[in-house]
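# Sequence and predicted structure, then a few things I'm wondering about:
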Amino acid sequence: MMELNLTRVDYVQVGVTSQKTMKLLPAHSKKDPTQKIAVADHSGVLQCFNMKKGNPVHAFKTLPGPLKVTQLELGGPPGGIREKVFVAMGPEVRGFNKKGKQFLGFDTNLTESIKCLHVDGADLFIAGNYIYNHYRDCKDMNYFLSSDKINDLICLPLNRTPEVTPVLACQDRVLRILKDSELLYEVEVPGPPTTLCLFGNDGGDEGEEVLYGTSDGRVGLVQISRLSPSHRWELPNEKRNGGVLALDNYDITGDGILDLIVGRDDGLVEIYGYDETEEPMLKYSNACSESVTSVQGGQVASAGYDEVVCATYAGWVLGLTTEEQHKEAGPGNEVKISQDVQNKMIHLRQELEEIQQKVMKEREKYQYTAQNKKAISAVPHFHINDKYVLNREDASYTLSLELQMAIDNVLLQSDVPIDLLDVDKNSAVVSYSAVDPEQGNFLLATYRCQANTTRLELKIRSIEGQYGTIQAYVTPRLQPKTCQIKQYYIKPLSLHQRTHIFDENRPHNSLKLTGQFSLAEVHSWVSFCIPELPDRTPAGDTVSFNFVSTFLDTQLSCTYRKGEAVFKSDNISTISILKDVLTKEATKKKIRLDITYDINEESIPHTLSLIHPKLEYQLLLAKKVQLIEALKELQVHESDVSFMSPEYQQILQDTDKLQQEYKRQPCHLERLYGMITDLFIDKFKFKGQNVKSKVPLLLEVLDNYDLEALLIFFNTCE
């Protein structure tokens with residue numbers, strides 16, 4: 001396997017781009033294997049160009065429009081050359097040939113904008129937030145209403161499969177496989193799928209294999225057969241990299257096997273090769289400074305040199321090329337600059353002078369208007385690309401904010417207690433201001449960004465049962481100074497995420513609510529309490545959802561219909577939080593609720609046994625960190641530390657790792673103590689007893705932690 005050595009080359013900058021809005025057109029001929037780039041942006045401009053001597057030469061460029069381009073796809077006859085460009089703009093699909101002539105303008109008359117687009121021959125597949133439509137020759141064929149948001153769609157190749165098989169990637173962690181207008185079956189995947197791609201660009205051996213990428217950074221391969229799915233492999237996200245936005249297959253390593261190219265929202269571009277077991281192995285990675293919205297392999301700048309072409313959120317179209325860009329010379333050697341490079345240097349100098357002249361004119365114009373009393377100040381508008389995602393690995397939220405221009409500072413304000421965790425990728429300087437929790441202000445933090453930072457990533461951990469709002473005040477480096485506010489909700493059960501599995505064998509507590517409420521009302525109450533629920537009320541008379549706690553792995557089942565709601569959980573604190581919040585919401589609407597609950601005593605030791613390994617690990621980590629200073633002092637005085645026990649020697653070896661882990665998890669021990677305290681109070685609350693006076697005794701037991709002693713305390717403290 002050849003060693004990959006790729007060099008970044010910037011081609012052009014367009015406007016802000018959405019996901020999957022850049023493609024490479026097929027090469028004209030074997031004599032000229034270089035490919036054209038088609039890219040579309042938020043200003044509605046579609047442009048197609050190729051590179052000649054390092055400069056873009058446009059084949060065509062459309063005029064700006066009022067609607068942004070949300071997706072770009074290539075189309076052609078089934079199994080033939082795909083060289084027609086299709087773009088989705090609002091509710092409309094437009095088609096252009098390779099010379100830029102528009103041959104299709106199809107208004108779907110959908111009530112929502114098109115988010116996803118797939119073209120295969122005369123078949124057009126589109127999806128909005130919840131609605132999927134299939135058209136053939138622009139005539140409506142099939143329709144499907146999804147129960148959760150659709151993030152992407154694809155169809156198995158029509159020339160290789162007997163039936164039309166669309167695949168929808170939905171926010172509730174499932175791929176929905178359709179047959180005509182009906183749901184055939186669902187495939188559960190480990191995270192909310194954000195992008196889909198045919199394996200090997202043609203669906204693999206039988207045309208049934210689909211690659212998916214998730215918002216929590218995982219990549220997997222699933223085989224979609226007519227009867228049931230089969231999971232082939234899954235790449236975990238152990239390094240906690242960004243969510244996957246783009247996938248492609250291209251042989252960049254030159255071994256005759258297509259490699260997997262992955263583009264992520266933290267700017268990482270990865271190339272995976274396949275080993276003998278057909279499992280992907282990381283061969284190369286490159287960090288861009290902004291989200292990578294599209295990736296594709298091909299030959300663009302020079303014939304015979306493969307490259308990975310990427311489009312970023314801020315509009316940069318760049319190549320990671322195998323062509324050597326630097327020429328080295330030894331001492332005393334003359335480096336001859338070719339005529340092409342000399343011309344390019346002259347052209348760049350002229351361009352730089354023109355830009356400097358423009359800046360001078362605009363500066364003079366701004367100074368004049370600033371002093372003019374009749375001039376009206378216009379606030380510059382800017383778009384924020386933000387994501388607020390729950391990570392299962394460390395039970396924290398990742399908040400990422402991205403702008404097209406540089407960020408000056410971000411002020412974070414919260415009316416609920418939260419912890420800000422360290423992020424390795426974050427180079428911003430953070431400062432905390434004094435706050436008064438009595439006035440409902442628990443956090444005020446300012447992140448001052450370094451020059452040219454366009455993306456900021458924060459990690460937040462919340463406490464279940466405490467809910468409110470986080471506000472981010474984002475100020476870019478613009479004149480006049482302007483700021484945008486973004487709001488993010490911390491829900492009462494903020495650390496729960498959707499799952500499709502529920503273990504009935506666990507000891508469960510149940511809560512039943514009955515009253516004069518509609519399905520829409522109870523759904524709005526439940527979605528107020530728990531994240532990852534669709535905004536729309538699901539279809540049907542009865543609705544069921546399952547959740548798992550990312551912190552403790554306890555589970556929750558919600559089943560509700562008009563006039564009745566039933567909740568089951570193996571954690572009594574989850575039931576207590578739901579009871580308090582739901583009754584509060586019903587009281588606001590002046591709806592009377594009848595509440596019945598069934599508490600299972602076996603659930604208490606079960607939950608404590610789930611907390612036990614986490615608490616034991618954190619106590620041991622805290623103990624090791626406390627010993628580090630003393631052991632280091634001994635190491636200074638003693639040249640040979642072989643007399644120390646192996647355990648102490650290991651602590652000295654792992655000093656940096658232990659301190660880093662302890663720093664990364666602030667207040668982790670206090671959080672676990674808080675959960676045990678809540679469990680203790682909630683157990684007796686359902687019995688009508690107030691045991692808050694006995695909390696100091698519980699903390700004494702926790703200081704000398706032993707699971708058996710803790711269980712005895714819970715059982716004897718009647």
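Perfect, I can see it now. Numbering: from 1, shown residues only.
# For residue 297, grab the count of nearby residues.
22 (other CB atoms under 10 Å). In short, each C-beta sits where N, CA and C put it, glycine included.
# Find the nearest non-adjacent residue to it, please.
Distances taken as CB to CB, 6 or more residues apart in numbering put residue 250 closest to residue 297, at 2.4 Å, once the chain neighbours are dropped.
# confidence score at the one you found?
With respect to pLDDT, residue 250 scores 91.
# any idea how far it is from residue 485?
42 Å (CB to CB, to the nearest Å).
# Buried residues, the helix ranked longest in the chain. List them.
With secondary structure taken from DSSP state H, the chain has its longest helix at helix 603-637. Residues of helix 603-637 classed as buried: 603-608, 610-612, 614-615, 618, 621, 624-625, 628, 631, 635 (neighbour count, 16 or more other CB atoms under 10 Å).
# What of stretch 154-165?
Across stretch 154-165, burial judged by 16+ other CB under 10 Å covers 154, 155, 156, 157, 158, 160, 161, 164, 165.
# ok, residues contacting it?
Residues outside stretch 154-165 that contact it (CB atoms under 8 Å, 6 or more residues apart in numbering) are 78-79, 118, 120-121, 123, 125, 134, 142, 166-167, 177-180, 184, 196-198, 202-203, 206-208, 210, 224, 226.
# tell me the average confidence for that stretch?
Here the average pLDDT along stretch 154-165 is 86.
# and it, how far out from the chain's middle?
29 Å (CA atoms, centre = their mean, to the nearest Å).
# Ok, stretch 271-278 next?
For stretch 271-278, the distance to the chain centre is 25 Å (CA atoms, centre = their mean).
# go on, stretch 264-276?
Centre to centre, stretch against its chain (CA atoms, centre = their mean), the figure for stretch 264-276 is 16 Å.
# Mind listing what's buried along it?
For stretch 264-276, using 16+ other CB under 10 Å, the buried residues are 264, 265, 266, 267, 268, 269, 270, 271, 272, 273, 274.
# Which one of these is nearest to residue 371?
residue 267 (41.3 Å; CB to CB).
# Leaving aside the residues adjacent along the chain, what's closest to the closest one?
Closest to residue 267 by CB to CB, 6+ apart is residue 288, at 4.0 Å.
# Pretty sure that neighbour sits against residue 317.
No: counting by CB atoms under 8 Å, residue 288 does not reach residue 317; the two are 11.7 Å apart.
# Spit out the residues that contact the two alike.
residue 310.
# got the contact list for the residue nearest to residue 267?
8, 267, 268, 269, 310, 312, 316, 318.
# Out of those, name the ones that lie in helices.
Among the contacts of residue 288, no member falls in helices (DSSP H).
# could you redo the residues you listed as TSV and give each row pLDDT and distance to residue 411?
Putting the contacts of residue 288 into TSV (pLDDT from 0 to 100; distance: CB to CB, whole Å) gives the following:
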residue	pLDDT	distance to residue 411
8	88	33
267	89	24
268	93	28
269	93	32
310	94	32
312	93	26
316	91	28
318	91	32
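# Most widely separated two among those?
Longest span within the contacts of residue 288, CB to CB: 268 and 316, 15.0 Å.
# all helices of this structure, in order?
339-371, 519-529, 572-588, 603-637, 646-653, 655-664, 668-685, 695-703, 707-716.
# And the longest one, what does it pack against?
In other words, helix 603-637. Using 3 or more CB pairs under 8 Å, 6 or more residues apart in numbering; DSSP states H and E as the contact test, the elements touching helix 603-637 are helix 572-588, helix 646-653, helix 655-664, helix 668-685, helix 707-716.
# at 7 Å instead, please
helix 646-653, helix 655-664, helix 668-685, helix 707-716 (3 or more CB pairs under 7 Å, 6 or more residues apart in numbering; DSSP states H and E).
# centre of the chain versus it, how much separation?
32 Å.
# who's in contact with residue 12?
56, 317 (CB atoms under 7 Å, 6 or more residues apart in numbering).
# and what of residue 66?
Contacts of residue 66 by CB under 7 Å, 6+ apart are residue 44.
# how near is it to residue 524?
Residue 66 is 33 Å from residue 524, by CB to CB.
# do the same with residue 52
58 Å.
# Settle it for me: which of the two has more neighbours?
Set residue 52 next to residue 524 and count neighbours by other CB under 10 Å: residue 524 wins out with 16 against 10.
# still on that earlier bit, more neighbours: which of residue 250 and residue 485?
Neighbours were counted for residue 250 and for residue 485 using other CB under 10 Å; residue 250 has more, 20 against 11.
# Pull the number of nearby residues for residue 387.
Counted with other CB under 10 Å, residue 387 comes out at 16.
# hang on, it packs against residue 400?
Yes: Residue 387 lies in contact with residue 400 (CB atoms under 7 Å); the separation is 4.8 Å.
# what touches both of those two?
By CB under 7 Å, 6+ apart, the residues touching both residue 387 and residue 400 are residue 265.
# rewinding a little: can you add distance to residue 129 and give the buried residues of stretch 264-276 back as TSV?
TSV is the format used below for these (distance: CB to CB, whole Å):
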residue	distance to residue 129
264	23
265	19
266	25
267	27
268	28
269	28
270	29
271	33
272	31
273	37
274	35
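# Looking at those residues, which gets the smallest pLDDT?
Scoring these by pLDDT puts residue 274 last, at 84.
# Surely it and residue 256 touch.
No: with contact defined as CB under 7 Å, residue 274 and residue 256 do not form a contacting pair (11.2 Å).
# Give me the neighbour count for residue 565.
24.
# which residues does it bridge with?
Note on residue 565: beta-bridge partners by DSSP bridges are residue 513, residue 560.
# That one and residue 585, how far apart?
11 Å.
# With residue 88 instead?
38 Å.
# can you tell me which residues contact the nearest residue to residue 421 once chain neighbours are set aside?
Distances taken as CB to CB, 6+ apart place residue 459 nearest to residue 421, at 3.9 Å, with adjacent residues excluded. Residue 459 makes contact with 396, 398, 420, 421, 423 under the criterion CB under 7 Å, 6+ apart.
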